[in-house]
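Peer 1: any chance you can model this:
(chains A, B and C, ligands or ions: 2)
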Amino acid sequence: MKFTKRNLWLLIGLALLILAPIGQGRYIVYTLTSWLVFSIAAMGLNLTLGYAGQISLAQSAFMAVGAYITALLTLNGIHWIVAMPIAVLSSFVLGLLIGFPALRVKGHFLAFVTLAFTTLVFLVLRNEDWLTGGPYGLSGMPRPDFGLFNTGKNINFYYFTVFIFVIFSLLMYQIVRSPWGRAFKGLRENEIRAESLGVNTRRITLLAFAIGSAAGGLAGSLMTPLVQFIEPGSFALLHSLRILLMVIVGGAGFFFGPVVGAGVVIMLPEVLRFTEGYYLMIYAVTVVVLIIFCPKGLVGLGEIISRKILKKKEVRKDFEQGAKL
Amino acid sequence: MTHPLLSVRSVSKRFGNIQAVNDVSFDVQQGEILGLIGPNGSGKSTLFNCLLGQYQPDSGSVALKGSNITGKSPSELNLLGIGRTFQQLSVFPEMTVIDNVILAGQEHSGSMISRLFGSPDAGLTKAAEKLIGFFKISHLRDEPAGSLSYGQQKLLDAAMAFMAEPSLVLLDEPAGGVNLTMLGNLKERLQAFNSEFGTTFVVIEHNMEFVMSLCSRIIVLAEGSVIAEGTPEEIRSNQTVIDAYLGA
Amino acid sequence: MEQLIQVVLSGLATGSIYALAAIGFTLIWQAAQTVNFAQGEFVMLPAFFVLIGINFLGMPLWLAMLFGLALSVLILGVAFKRILVDPLLSHGGLSLIIATMAVAILMKELVKEFYSAEAQPYPALVPQGAWDLSGVIISLQDISHLIICFVVIVGLTLFLDKTKVGRCMQAAAQNAAVAEILGVNVKRMILYTFVVNAVLATLASFLITPVYLAKFSSGEYLGLIAFIAAIVGGFNQVRGALAGGLLIGVLDNITATYITAEYRQAIPLLLLIAVILFKPEGILGKPEGRAV
Ligand SMILES: Nc1ncnc2c1ncn2[C@@H]1O[C@H](COP(=O)(O)OP(=O)(O)OP(=O)(O)O)[C@@H](O)[C@H]1O
Ligand SMILES: [Mg+2]
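Peer 2: Ligands and ions are numbered 1, 2, ... in the order given. Coordinates of the predicted model:
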């Protein structure tokens, strides 16, 4: 690994992740873990939304799929390390199945199709008691035990999550900088041009969507042993909106944007706790203000500022790019 | 019997009550540089888009080396070796120049799997650098493409069309906004591709000097129909063509 | 048989109300290329304006309704367009969609915190009785709803096709650049479209709230249904939204009565997926040219 400035930042970040929970109480450790879990889901959605430019409101549904599959398997004595890949793969395949028809419509329409899917998943979870425990959900899922390392203790589970998060980030990074990632971006910036250069737009969007969904599945799969109690309400539409918000607040299309966004969205309720019932209202207003004044999210804002300071070139606004023929 | 590289048969396209392309037929021979001219709104760009799968022609057919390609998608056609540029600026504004050019070639190299797990540039950086050098925009290598000037973006656009080593390239007004020196340069480049690699061209252009000196044969469209076809000299002195331009 | 007729009829009545919201959706889509995720809340809110008028300002029903309509036009029409849509249009569709989602949350929370989280009774607008036509019970409310919606939709169509303003609105929606050249004030026409949408949502609110009660969360399902109706019918026209609304109203009622109440909500969703799979341009829609 070359010793670049970026790598230095990454090392600092990793060190902070490792040091963060030391000496903290139960609740903080839990919140930190939950932040990492949602970061994974949001980074997945970022691939669909930020890189490939497709709006999905199904991320919480894919988390539900991952969470319930993991729960059902681990409750039946199957080890998490086996359950997790099954959960992720199921989410991936489901993503392909949903995405295939949905991506015929794309953009705004995709948002509604995925919204419909999230609602359907919620209904199934609530109504099929025999499998999902209905409205009461499932509880008592074990945390994975790796012999030498048992994740039963909160702090251990946190480090376990950090480990998964790092592996996941590396994989994601490989995808984003691979030719696939370039094709995703091409699609977002100028679909017609990308198509004329041999990019199979339909296939590549579908893959972006399915990979994003698989990440949702992974997050769900971590959620199950983290909270050890899941119910349909934890995966309702509102949570898809929350994950979407994480991506937007952090900065769609920036690699670590969703991590920042997830932090803000998860911490905000704590900060706004004193406002009690008004919390969601403030939340909504914040979103609108942020979108109007800072459309590229917090990381985007940072980038704009550093651009100003470093005097880097910017994309000019006076030419209309040829999305038209 | 050898087939022409591209043969266009009775292609028509209508938008509402405008017959944008009307029963157009012509052949493009392997290795030629064909000019396509006509007044504004005569249907040149629409014809390109019908040939390249961007629009579905209402009727007619298109064949590449004798095999029917009507109705294929733009990406399939590109993978069959047809490159193109657009009349409007058409780059990926937030990506760097070099990334733009690599994207233009990557779908032609390796498999889906190798493009996910292989090297990030699909082994194309060298070739891309050579190409932007060819179009004299090397110094802009790491700038976001959207920050370039109009003419520079046009050149980048042209470079992208060549990245996948196409056998046929369709250029829609490549000279628009390109300065005189670069124009001569562009012409040289096209001629070099033509003579070295046998690349075939169809070029839409309003700059008559450019077209007349570059092309070996010219087709003239007016109101969607072919009104004349011939060598630059023949076209220059063709009364119908002159009337069409004056009347428009 | 009698039951089936009743079920279909009341389905049509509800469906015609869905259609009002769905038409608003399509109008906004055409004019501003925006999907309004708060459409359901746009239907939920006016009922509360009326309740405020009645319960806090001591207005009679008719005045409260006028008050509600005026507030809706101001807030859901003009303010929504000016404060939210205008600054965001240039950022691209995504920002606007997310902003409308946030607005939906805001509206729900405002009602929940400042009015009530409980479902509120709401005065009926139309007679409640029923006719017995040789065994078929026909509810007067259903019939009145059908008639009112029918009149509104016919009126709207006439307005769009026959009046100068209506035609300018259509021109602005179809090709803003050309309309501008022809001297149409495109900005104003788009504003009118948002106002028309607010009026349609208000009417839908007045009609549907007596049936489902006034509740902060009632817009969630309504918005979804309106959108599905619009897609199923064919997104780019009034006729389509109408057909979609009626179809979903009837289907919804039939499922609830004869098949399953638990999965009642799932039927429109499945219909949506089926339409997108097999006829993405909608039942009445024409395939749109590629957006190039
Ligand atoms: N997508 C479209 N929808 C409706 N009409 C169109 C569309 N594209 C082109 N037209 C019409 O078709 C006709 C031909 O347009 P086209 O762009 O092909 O002309 P052109 O020859 O390329 O002109 P120019 O030299 O100005 O580029 C014009 O009248 C134009 O208005
Ligand atoms: Mg043209």
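
Peer 1: where's the residue of the stretch 151-300 of chain A found nearest ligand 1 relative to A:Thr201, distance?
Peer 2: Nearest to ligand 1, among the residues of the stretch 151-300 of chain A, is A:Ile192, at 12.2 Å (CB to the nearest ligand atom). (Glycine included, C-beta is placed from N, CA and C.) Here the criterion is CB to CB, to the nearest Å. By it, A:Ile192 lies 9 Å from A:Thr201.

Peer 1: about what we covered before: thought the residue of the stretch 151-300 of chain A closest to ligand 1 was touching B:Gln54?
Peer 2: Yes - with contact defined as CB atoms under 8 Å, A:Ile192 reaches B:Gln54; the gap is 7.2 Å.

Peer 1: enumerate the residues of chain C near chain A.
Peer 2: Counting by CB under 8 Å from any CB of the partner chain, the positions of chain C adjacent to chain A are C:35, C:37, C:84, C:87-88, C:91, C:93-95, C:97-99, C:101-103, C:105-106, C:109-110, C:112-113, C:220, C:224, C:227-228, C:231, C:262-263, C:265-266, C:269-270, C:272-273, C:276-277, C:280, C:292.

Peer 1: drop anything exposed from the residues you listed.
Peer 2: If you count burial by 16 or more other CB atoms under 10 Å in any protein chain shown, the buried members of the residues of chain C next to chain A come out as C:35, C:37, C:84, C:87-88, C:93-95, C:97-99, C:101-103, C:105-106, C:109-110, C:112, C:220, C:224, C:227-228, C:231, C:263, C:265-266, C:269, C:272-273, C:276, C:280.

Peer 1: so how many other residues sit close to the closest residue to C:Ala172 other than its chain neighbours?
Peer 2: Once its chain neighbours are removed from consideration, C:Ala172 has its nearest residue in C:Met189; the separation is 3.8 Å (CB to CB, 6 or more residues apart in numbering or on different chains). Each residue near C:Met189 was counted by other CB atoms under 10 Å in any protein chain shown, and the total is 21.

Peer 1: check A:Leu72 too.
Peer 2: In terms of burial, A:Leu72 registers 18 neighbours under the definition other CB under 10 Å.

Peer 1: give the contact list for it.
Peer 2: Listed by CB atoms under 8 Å, 6 or more residues apart in numbering or on different chains, the contact partners of A:Leu72 are A:Leu131, A:Leu138.

Peer 1: surely A:Gly251 touches A:Ile291?
Peer 2: No - distance between A:Gly251 and A:Ile291: 11.9 Å, which falls outside the contact criterion (CB under 8 Å).

Peer 1: what does the pLDDT read for the residue of the stretch 151-300 of chain A closest to ligand 1?
Peer 2: The per-residue pLDDT reported for A:Ile192 equals 90.

Peer 1: which residues of the chain fall in strands?
Peer 2: Picking chain A for this. Ranges of strands within chain A are A:138-139, A:145-146, A:149-150, A:229-230, based on DSSP state E.

Peer 1: switch to chain C, that's the one I care about
Peer 2: C:130-133, C:136-139.

Peer 1: sheet partners, orientation included, of the first one?
Peer 2: When sheet partners are counted by DSSP bridges, strand C:130-133 sits next to strand C:136-139 (antiparallel).

Peer 1: who's in contact with the strand it pairs with?
Peer 2: Outside strand C:136-139, the residues that touch it by CB under 8 Å, 6+ apart are C:Glu2, C:Ile5, C:Gln6, C:Leu9, C:Ser10, C:Ala13, C:Gln128, C:Gly129, C:Ala130, C:Trp131, C:Asp132.

Peer 1: how about the last one, nearest residue that isn't a chain neighbour?
Peer 2: Spatially, and ignoring its direct neighbours in sequence, C:Asp132 is nearest to C:Ile138 (7.8 Å; CB to CB, 6+ apart).

Peer 1: repeat that for the fourth one.
Peer 2: Nearest non-adjacent residue to C:Leu9, counting by CB to CB, 6+ apart: C:Asp142, 5.7 Å away.

Peer 1: okay but the one you found is in contact with C:Ala13, surely?
Peer 2: Yes - assessed by CB under 8 Å, C:Asp142 is found in contact with C:Ala13 at 3.7 Å.

Peer 1: contacting residues around the most far-flung residue of chain B relative to its centre?
Peer 2: Ranking residues of chain B by C-alpha distance from their mean position (CA atoms, centre = their mean) puts B:Phe117 at the top, at 32.2 Å. With contact taken as CB under 8 Å, 6+ apart, B:Phe117 is in contact with A:Gln174, A:Ser178.

Peer 1: pLDDT on stretch A:197-211, on average?
Peer 2: Here stretch A:197-211 scores 91 as its mean pLDDT.

Peer 1: check stretch A:305-314 too.
Peer 2: Confidence over stretch A:305-314, taken as the mean pLDDT, stands at 75.

Peer 1: max-length helix in chain A?
Peer 2: If you go by DSSP state H, chain A has its longest helix at helix A:201-227.

Peer 1: where does pLDDT dip in the stretch 51-200 of chain A?
Peer 2: Regions of the stretch 51-200 of chain A meeting the criterion pLDDT under 70 cover residues A:105-108.

Peer 1: where do the helices sit along it?
Peer 2: Listed in chain order, the helices of the stretch 51-200 of chain A (DSSP state H, counting those that start in this stretch) span residues A:59-75, A:80-102, A:107-127, A:129-132, A:154-177, A:179-189, A:191-196.

Peer 1: and these, which is most packed in?
Peer 2: Of all these, helix A:59-75 carries the top mean neighbour count, a mean of 27, counting by mean count of other CB atoms under 10 Å in any protein chain shown.

Peer 1: related to what we said a few turns ago, neighbour count: C:Asp142 and C:Ala13, which is higher?
Peer 2: More neighbours surround C:Ala13 than the other of C:Asp142 and C:Ala13, with 26 against 20 (other CB under 10 Å).

Peer 1: do I have it right that A:Gly261 meets A:Gly253?
Peer 2: No - if you go by CB under 8 Å, A:Gly261 and A:Gly253 don't touch, sitting 11.9 Å apart.

Peer 1: out of the two, which sits in the busier spot?
Peer 2: Neighbour tally, A:Gly261 and A:Gly253, criterion other CB under 10 Å: the higher count belongs to A:Gly261, 30 against 23.

Peer 1: tell me how many other residues surround the spatially closest residue to C:Leu69 that is not a sequence neighbour.
Peer 2: The spatially closest residue to C:Leu69, leaving aside those adjacent along the chain, is C:Thr202, at 5.2 Å (CB to CB, 6+ apart). C:Thr202 is surrounded by 28 other residues when neighbours are defined as other CB under 10 Å.
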